[in-house]
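A.B. asks: when you get a sec, could you give me coordinates for this:
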Amino acid sequence: MTIGEAVKQRILGLCEERQLTVNKLSNTCGITQSTLNNITSGRNNSTTISTIKKICDGLEITVTEFFTSELFEHLEQEIK
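C.D. replies: This next block holds a predicted model:
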């Protein structure tokens with residue numbers, strides 16, 4: 001799994017846990033709906049840490065909590 005796929009799955013999983021739609025999350029964290037939709041649809045595979053921090057703020061979790069997931073344990077090598 002790539003980092004982009006892991007981020008996408010983590011956001012969708014957190015939304016599901018909190019019974020939030022992606023659109024509601026975008027309003028909560030101050031990210032445009034199109035940006036968040038691009039991340040969660042897989043069209044954007046290079047999300048910045050600044051964007052992830054905003055998502056974390058909207059979910060009221062830390063960046064550490066965001067990345068504390070099995071999704072991030074066995075990522076593919078990015079440098080090829």
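
A.B. asks: from residue 56, how far off is residue 36?
C.D. replies: 13 Å (CB to CB, to the nearest Å). (Each C-beta comes from the backbone N, C-alpha and C, glycine too.)

A.B. asks: more crowded one of the two?
C.D. replies: residue 36 (24 against 19; other CB atoms under 10 Å).

A.B. asks: need the residues touching each of residue 36 and residue 56.
C.D. replies: The contact sets of residue 36 and residue 56 do not overlap (CB atoms under 8 Å, 6 or more residues apart in numbering).

A.B. asks: hmm, who's touching stretch 59-77?
C.D. replies: With CB under 8 Å, 6+ apart, stretch 59-77 has contacts from 1-3, 6, 9-10, 13-14, 18, 25, 28-29, 49, 52-53, 55-56.

A.B. asks: flag every buried residue along the lengthiest helix in the chain.
C.D. replies: Longest helix in the chain, counting residues (DSSP state H): helix 3-17. Buried residues in helix 3-17, counted by 16 or more other CB atoms under 10 Å: 4, 6-11, 14-15.

A.B. asks: give the other helices and strands that that helix contacts.
C.D. replies: Applying 3 or more CB pairs under 8 Å, 6 or more residues apart in numbering; DSSP states H and E, we find helix 3-17 packed against helix 22-29, helix 33-41, helix 49-59.

A.B. asks: got those as TSV, with mean pLDDT and distance to residue 71 columns?
C.D. replies: TSV is the format used below for those (pLDDT from 0 to 100; distance: least, CB to CB, whole Å):
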stretch	mean pLDDT	distance to residue 71
helix 22-29	95	17
helix 33-41	95	14
helix 49-59	97	13
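
A.B. asks: TSV for these, including distance to residue 72?
C.D. replies: Shown next, in TSV, are the helices and strands packed on helix 3-17 (distance: least, CB to CB, whole Å):
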stretch	distance to residue 72
helix 22-29	19
helix 33-41	15
helix 49-59	12
